[in-house]
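J.: model this:
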Amino acid sequence: MNSKELRDWQIAIQVQTPLDLKLKTLPLDMPWKDFEHLCVQLAEEENNFENKEITSAMLYGRNGQKQEGIDIKATIPNSNKFFVMQCKRYTQIIASDVEKWVNKFLEGKFSDKTYLYVLATSFDISTDTNLVDAWHKAQQKLDSLGIKSVLWDKIAILNKLKNAYRVTATFFGDNIATGYCHQKRMEEKYPYSYSTKNINAFDDIVYIENRTCRLDLIVPNQSAGIKVGGIFLFARNDLHGTTFSLDGPELVPLMQVKAHSKSLVGTRYLHKNKDKYYLSLGNVRLSLEKDEVDDLDWIIEEAFNRYFMTSKSIDTQLKTKRFERVNSRFKVKISEIKRPLWNAIIKYADAHDISKGNGKDFIFDSAPGCLKVYVDKDTPDLDFGYHLIMYPVPKNTLHSNNIILEWEPLIDIAGQPVDISRRKAWDAEYTYHWLHSTLFPKVYQWVIQQENKPEKGIKRLIGRKKNDNTLPLDDFIINNYEENFRILGTGINTSNEALICINKLQSHFTCYQMYATVEKELNLCVIETSLLLASKLPDLKCNYIKGNLSLGSDSTYKELIKLKQNWGTKSYATSTMLDMALRSLGKLLESTNNLSQYDINCLIENLYPVFKRYEEDLICNIYR
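T.: Numbers count the residues shown, from 1 in each chain. All right, here's what the predicted structure looks like:
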């Protein structure tokens, strides 16, 4: 059940439930997966079982995996044993079911590693004496094996929900929670403490909490929308109920800064003055205690890990990371062309509408001012349906006549993402490649052919030089076509290809725009790579490299050795240092002849940490 279906179910039960009286019960006839999520959140809410704290409660596996007779698993701090739960959303059960469920758990690998076993069921066990006896028998069996046990049947779960406004509101809606729960809404929504280092995910929201604070992190999701955001909550008495939110452009830099710092203290976000810590986020200013800073550090680092893992996974499908995001709807700038070329593209698409021919060029659904790639049946290259829909956007400058071509993920009529592949919806990288290598040249040649046929009377779509020669295609394309360097540093076979990669890295760290620290280790790996090349030119004295790296008058090789030895004494590094180091490496590569494939592989391997940081920056820049 997705979030929309859950909301529909909530609305349905609200319609069926009178809200003018204090509610006596709640329906637990929800889908089994939501029943499991409900039990997870109740376990987090209760937090303490048999005087044992539990942490990191989460669902154990998915459908089809071997789950060892459990549905939920949590850890117990300072213990090598676990908290486990079986969830059974049944409308009717018999005594043998209880025995079967417990035995299945005991046959699993966690039976000798469990401190507390909980059986959660939506059925009221007390309504049948056989069921009561069966559970007591199962408890005795578990107790004989040193496993404590608790029953959460319908009555127990309903009683827990009465004291858990937040959970009740999440699954049944605010109106029903208000009518059913004992506590007032604000008291439940803002507790005075959170679980220790606890993470739980529900749809596209990850709940990350650690004692004094919590972050509700919205991670990118292709179905729910490629957006990022977060809500921070604090539990200190004088901050009780304090919340604030950050959208992606504010939250992502914060998370990346923490990922490259031991603590937020001393960064642009958090400053210490005597024994107080001052947090500055967006329009929010808070003073924090030391334990709150420590908890917040852990939360934000975990948030970055979740965010980056999810974003990188989405990018393997969409392939957008090397392009520029242009708005909050997740459109990226693919290309910039002159208006005459766009006009020619529209006429070409109309002439090659799917209804006007059967050749491989007839793949368009012509529409005024819009480019649509479409076929009405499976072809050798494409499956039936739409593959690309692209609208022109005038460049936002006063004197420009250019057109920006933007790409965004295709969705179907129900608003769901269309499968991405070369046969189905096209990703951003393939779209870029197709435009520059296929469409633009074909349109250009087609226009020339048409204008050479006077009987057609086609209006001139491209210009001519003074000597009446047709302008070249490149004059109509603003951005030069670049080969695919999405995975920078892979498939490098020549010194020239390696130089292109190094220049790409160097240009990235010139006028660096990210807030996160550039570690000394990145500079060091570039220096070590430079030493690899300089060792082949032991007598080289390069003034360019000397100026970049502030070297002495000895040979470049010997000076690089000294630089490496002294690097550990540096207390900091900057993007400018890395920029200069990469410039110097590029110069050395230009001066080195006849590198073997082994040398090239060693060079690229040494630069792997810089490649990783480059990719991280691209992801953080576009998925925000």
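
J.: longest helix of this structure, counting residues only.
T.: helix 290-318 (DSSP state H).

J.: and the next element down the chain from that helix?
T.: Sequence-wise, the next helix or strand downstream of helix 290-318 (DSSP states H and E) is strand 324-327.

J.: which parts of the following helix or strand past that following strand are buried?
T.: Remark: after strand 324-327, the chain's next helix or strand is strand 331-338, criterion DSSP H and E. For strand 331-338, the neighbour count (16 or more other CB atoms under 10 Å) marks 331-335, 337-338 as buried. For glycine as for every other residue, the C-beta is placed from the backbone atoms N, C-alpha and C.

J.: so what's the most centrally placed residue in the chain closest to, chain neighbours aside?
T.: Against the mean C-alpha coordinate of the chain, by CA atoms, centre = their mean, the closest residue is S311 at 2.2 Å. Among residues not flanking S311 along the chain, Y623 sits closest, at 3.9 Å (CB to CB, 6 or more residues apart in numbering).

J.: again with Q67
T.: Nearest residue to Q67, sequence neighbours excluded (CB to CB, 6+ apart): G61, at 4.8 Å.

J.: wait, C213 touches W298, no?
T.: No: the criterion here is CB atoms under 8 Å, and C213 misses it with W298 at 9.6 Å.

J.: higher neighbour count, the two?
T.: C213 (25 against 17; other CB atoms under 10 Å).

J.: would you check how far apart the residue nearest to the more buried one when sequence neighbours are not counted and E289 are?
T.: The shortest distance from C213 to any non-neighbouring residue, by CB to CB, 6+ apart, is to F234 (5.0 Å). Applying CB to CB, to the nearest Å, the value for F234 to E289 is 10 Å.

J.: thinking again about what came up before, quick one: contacts for the residue nearest to S311?
T.: Neighbouring residues of Y623 by CB atoms under 8 Å, 6 or more residues apart in numbering: 220, 226, 228, 248, 252, 307, 311, 314-315.

J.: just the closest of those residues to L540, please.
T.: Nearest to L540 among these, counting by CB to CB, is D315 at 40.5 Å.

J.: returning to that earlier point: the longest helix of the chain: how far from the chain's middle?
T.: How far helix 290-318 lies from its chain's middle: 9 Å, per CA atoms, centre = their mean, to the nearest Å.

J.: for it, buried residues please.
T.: Neighbour counts over helix 290-318 (16+ other CB under 10 Å) mark 292-304, 306-308, 310-311, 314-315, 318 as buried.

J.: cool, stretch 218-235 as well?
T.: 218-222, 226-230, 232-235.

J.: please parse the chain into its domains.
T.: Domain segmentation of the chain under automatic domain parsing yields 3-189, 198-318, 327-476, 495-622.

J.: the last one: how far from the chain's middle?
T.: What it means is domain 495-622. 30 Å.

J.: over to the longest one?
T.: Centre-to-centre, domain 3-189 and its host chain are 30 Å apart (CA atoms, centre = their mean).

J.: same question, the second one
T.: Taking the mean C-alpha point of domain 198-318 and that of its whole chain, the gap between them comes to 14 Å (CA atoms, centre = their mean).

J.: first-to-last residue distance for that domain?
T.: From its first residue to its last, domain 198-318 covers 31 Å (CA to CA, to the nearest Å).

J.: start at 240 instead
T.: In the new numbering, first residue 240, that becomes domain 437-557.

J.: would you check how far apart K436 and F547 are?
T.: Taking CB to CB, one finds K436 at 19 Å from F547.

J.: what about T451, neighbour count?
T.: So T451, with other CB under 10 Å, has 22 neighbours.

J.: please name the residues that touch it.
T.: With CB under 8 Å, 6+ apart, T451 has these contacts: 432-433, 473-475, 528, 530-531, 534-535.

J.: repeat that for I333.
T.: By CB under 8 Å, 6+ apart, the residues touching I333 are 369-370.

J.: phi and psi next, for it.
T.: phi -130, psi 170 (degrees, to the nearest 10).

J.: and E346, how many neighbours?
T.: 10.

J.: which one is it nearest to, not counting chain neighbours?
T.: G308 (6.6 Å).

J.: what does L493 give?
T.: Per CB to CB, 6+ apart, closest to L493 is Y508, 5.9 Å.

J.: quick one: that neighbour and T555, what's the gap?
T.: Separation of Y508 from T555 (CB to CB) stands at 30 Å.

J.: likewise for L771?
T.: As judged by CB to CB, L771 and T555 stand 31 Å apart.

J.: and the residue nearest to Q306, that's in a helix?
T.: No: counting by DSSP: H, G, I helix; E, B strand; the rest coil, G300 is not part of a helix but coil.

J.: and it, what are its phi and psi?
T.: Dihedral angles (degrees, to the nearest 10) for G300: phi 80, psi -170.

J.: just give the number of residues close to it.
T.: 13.

J.: wait, it touches I311, no?
T.: No: if you go by CB under 8 Å, G300 and I311 don't touch, sitting 10.4 Å apart.

J.: could you check how far L828 is from L834?
T.: Following CB to CB, the distance that separates L828 from L834 is 8 Å.

J.: any shared contact partners between these two?
T.: 734, 737, 842.

J.: list the contacts of the residue nearest to C452.
T.: Applying CB under 8 Å, 6+ apart to F473 gives the contacts 451-452, 479, 481-482, 525, 531.

J.: which secondary structure element contains A737?
T.: Here A737 is assigned to helix 734-747, by DSSP H and E.

J.: nope, E829 is what I meant
T.: For E829, the host element (DSSP H and E) is helix 814-830.

J.: pLDDT on that helix, on average?
T.: If you average the pLDDT over helix 814-830, you get 94.
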